[in-house]
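Peer 1: One predicted model, sequence on top.
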Amino acid sequence: MSSSARPGRKSPNASGSIRHTTCRDRTPSRADFSITVETSNKQLAFVEHIVRALKPGGRAAVVLPDNVLFEDNTGKRLRQWAMELTNLHTILRLPTGIFYAQGVKTNVIFLTRGKTDQGNTEGVWVYDLRAKMPAFGKTRPLRKQDFAAFEVAYGDAPDGRAARKDEGPEGRFRYFTRSYITARNDNLDIAWLRDDSAASENNLSDPEDIASAILGHLRAALAEVEAVEDELSGEGAVPTEIEA
């Protein structure tokens, strides 16, 4: 059987109609996508979907792996676009392996859709809940009280506009201006405390947690390989204009 005749899956596009795709077709089929239309990275496409779905003033908190914060090319264009349309005001760096698997590093990004489509992010607050934390798993689950200090630092305003304090290089909560982020090539994977999550994994004792950590590292490595593949395949492409 030829590849064009292989069984595939059906997926809806933006208009609600169904588009038949083969197992080789991994790119988004949404007609309203402009930033991630050329990538197979579903995590990047998910961010574009969230931003486009927000109405002015709408808020979202999205769990994302680290690579979304630092990936170049499409990832960089997506972050630039998102920071124009929304106030991406806070990033919570989570302990390793919380939402995906042991070994996979994730974050929660908090954003609010602006009333205009330009210049909504003036700076980003980053809270590091990853460094100097225990290895979470079956023997030490993550609990609500582990977020208590973050909740205090975040403040009472859901949109992140409450008065906040930069805790300095030894603290967990810091503020970075938009110009600082631009100088970092719009890389939002910002860390200043020593990341000892790998050492924490050495203290895992439950076999399931250990196996999960190994699997998480393999998945993270595969995601990085796929990101490199996307970048190489896009080198000859014309850059997508950042637009709403």
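Peer 2: Good, I have the coordinates.
Peer 1: So which residues of the chain form strands?
Peer 2: 9-12, 18-21, 59-65, 86-93, 106-113, 123-128, 173-177 (DSSP state E).
Peer 1: With mean neighbour count and mean pLDDT as extra columns, can I get the ones you listed in JSON lines?
Peer 2: The C-beta positions use only the backbone N, C-alpha and C, and glycine is treated the same way. Output for the strands of the chain, formatted as JSON lines (neighbours: other Cβ atoms under 10 Å; pLDDT from 0 to 100):
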{"stretch": "strand 9-12", "mean neighbour count": "10", "mean pLDDT": "41"}
{"stretch": "strand 18-21", "mean neighbour count": "12", "mean pLDDT": "37"}
{"stretch": "strand 59-65", "mean neighbour count": "16", "mean pLDDT": "96"}
{"stretch": "strand 86-93", "mean neighbour count": "23", "mean pLDDT": "98"}
{"stretch": "strand 106-113", "mean neighbour count": "22", "mean pLDDT": "97"}
{"stretch": "strand 123-128", "mean neighbour count": "20", "mean pLDDT": "98"}
{"stretch": "strand 173-177", "mean neighbour count": "17", "mean pLDDT": "98"}
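Peer 1: which one of the ones you listed lies closest to F150?
Peer 2: strand 123-128 (5.2 Å; Cβ to Cβ).
Peer 1: so the closest one versus strand 173-177, what angle?
Peer 2: Interaxial angle, strand 123-128 versus strand 173-177 (axes from the mean of the first three to the mean of the last three Cα atoms, to 10 degrees): 150 degrees.
Peer 1: can I assume G103 is in contact with G97?
Peer 2: Yes - because the distance of 5.9 Å satisfies Cβ atoms under 8 Å, G103 is recorded as touching G97.
Peer 1: re the thing from before, out of the strands of the chain, which is closest to T139?
Peer 2: Here strand 106-113 is closest among the strands of the chain (Cβ to Cβ), at 20.4 Å.
Peer 1: That closest one: partners in the sheet, and parallel or antiparallel?
Peer 2: strand 59-65 (antiparallel), strand 86-93 (antiparallel) (DSSP bridges).
Peer 1: want to try a markdown table for the ones you listed, with distance to K138 as columns?
Peer 2: Below are these laid out as a markdown table (distance: least, Cβ to Cβ, whole Å):
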| stretch | distance to K138 |
| --- | --- |
| strand 59-65 | 21 |
| strand 86-93 | 23 |
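Peer 1: so which of those strands gets nearest T182?
Peer 2: Among the strands paired with strand 106-113, the nearest to T182 by Cβ to Cβ is strand 86-93 (13.3 Å).
Peer 1: Put the alpha carbons of that closest one into PDB.
Peer 2: The C-alpha trace of strand 86-93 is given here as PDB (Å, rounded to 0.1, in the frame of the first residue of the first chain):
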ATOM      1  CA  THR A  86      -0.800  39.400  25.700                       C
ATOM      2  CA  ASN A  87       0.700  40.500  29.000                       C
ATOM      3  CA  LEU A  88       2.800  37.400  29.700                       C
ATOM      4  CA  HIS A  89       3.400  38.600  33.200                       C
ATOM      5  CA  THR A  90       4.400  35.500  35.200                       C
ATOM      6  CA  ILE A  91       6.300  32.200  34.700                       C
ATOM      7  CA  LEU A  92       6.300  29.500  37.400                       C
ATOM      8  CA  ARG A  93       9.200  27.100  37.100                       C
END
